[in-house]
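**Student:** any chance you can model this:
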Amino acid sequence: MSSLTDYSVIDTPMIMDIRSDTLEPITGVQGTSTRFVFRLDQAGYLDSNSMLLFKLQGAANNTNRVNMWNGGLGAIKRATFQVGDFIINDTSGCNEIATLMNLAAVPPSVKNRISNTQATNQQIGIPLGMVFPALKGRTIPLFLFQDYRILLTFEFHDGSEFTNDITQVSNLAPNAATGQNPGLQGLLGCMSYHDVKLQVDYVIMPAEVQNKD
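**Tutor:** This next block holds a predicted model:
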């Protein structure tokens, strides 16, 4: 008879929350550095749609653009995902690996002209799932790492590695010191990085779900 009067419901809680934060780097100087480090909170699950944000600024006015193959993704030289002393992902040559994994089959659709006025340039956003294979299509439970610092480090290329310069045309003699060339490659030191930030999405699941993990 007790089963006939038992009205309890066994169900998995489905209420969750998403917290979005914009983080400033804890190391790295805007406009000068090419290496920036961010520290994440030990909260919820890190979503792969979180983004690295940055702006480029050219040394010469309106002569540079990101290349048509991988755009702003070509700027990222190395990306490291670190929890305490443990390395979850350390992607060196990120511009090549992430491009082959994510963009090889996608046609280029946007050209980014880069001026020497930082405020007028477009902000570039790179999803973390593109540069960290461990995060692609997944979430990572940050709340399990209460005793560790969670750091994301990004190193950027010199502008000559990924931009085109329309002033570099034929009849120019190559110059290793300046990067001058006859092949439309950007000059050495032609780019600086500004407004480098991390837009982080923390997925906060119900306590019962997190406790099981």
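**Student:** okay, CA-based contacts and neighbour counts for the rest of this
**Tutor:** Fine.
**Student:** who's in contact with the longest strand seen in the chain?
**Tutor:** Counting residues, the longest strand found in the chain (DSSP state E) is strand 191-204. Identification of contacts with strand 191-204 by C-alpha atoms under 8 Å, 6 or more residues apart in numbering yields 16-25, 30-34, 36, 38, 43-47, 49-59, 118, 158-159.
**Student:** of these, buried ones?
**Tutor:** Burial by neighbour count, 16 or more other C-alpha atoms under 10 Å: within the contacts of strand 191-204 this picks out 23-25, 30-31, 34, 36, 38, 43-47, 49-59, 118, 158-159.
**Student:** still on that earlier bit, partner strands of the longest strand of the chain and their direction?
**Tutor:** Here strand 191-204 has these sheet partners by DSSP bridges: strand 17-23 (antiparallel), strand 45-47 (antiparallel), strand 51-58 (antiparallel).
**Student:** after that strand comes which helix or strand?
**Tutor:** Sequence order places helix 207-212 as the next helix or strand after strand 191-204, per DSSP states H and E.
**Student:** and that next one, what's its mean pLDDT?
**Tutor:** Mean per-residue pLDDT for helix 207-212: 79.
**Student:** give the buried residues for the longest helix seen in the chain.
**Tutor:** Taking DSSP state H as the criterion, the chain has its longest helix at helix 94-102. Neighbour counts using 16+ other C-alpha under 10 Å place 94-95, 98-99 of helix 94-102 among the buried residues.
**Student:** ok, and what's touching the helix or strand just after that helix?
**Tutor:** Later in the chain than helix 94-102, the nearest helix or strand by DSSP H and E is strand 113-114. Residues from elsewhere that reach strand 113-114 (C-alpha under 8 Å, 6+ apart): 56-58, 61-66, 121.
**Student:** need these in JSON lines (columns: pLDDT and distance to residue 176).
**Tutor:** Shown next, in JSON lines, are these (pLDDT from 0 to 100; distance: C-alpha to C-alpha, whole Å):
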{"residue": "56", "pLDDT": "90", "distance to residue 176": "23"}
{"residue": "57", "pLDDT": "90", "distance to residue 176": "22"}
{"residue": "58", "pLDDT": "87", "distance to residue 176": "20"}
{"residue": "61", "pLDDT": "76", "distance to residue 176": "22"}
{"residue": "62", "pLDDT": "80", "distance to residue 176": "23"}
{"residue": "63", "pLDDT": "80", "distance to residue 176": "20"}
{"residue": "64", "pLDDT": "82", "distance to residue 176": "19"}
{"residue": "65", "pLDDT": "84", "distance to residue 176": "21"}
{"residue": "66", "pLDDT": "84", "distance to residue 176": "21"}
{"residue": "121", "pLDDT": "80", "distance to residue 176": "28"}
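**Student:** nearest spatial neighbour of the residue nearest in space to the middle of the chain, chain-adjacent residues omitted?
**Tutor:** Centroid-nearest residue in the chain: residue 52, 3.3 Å away (criterion: C-alpha atoms, centre = their mean). Of all residues beyond its chain neighbours, the one nearest residue 52 is residue 198 (4.7 Å), with distances taken as C-alpha to C-alpha, 6 or more residues apart in numbering.
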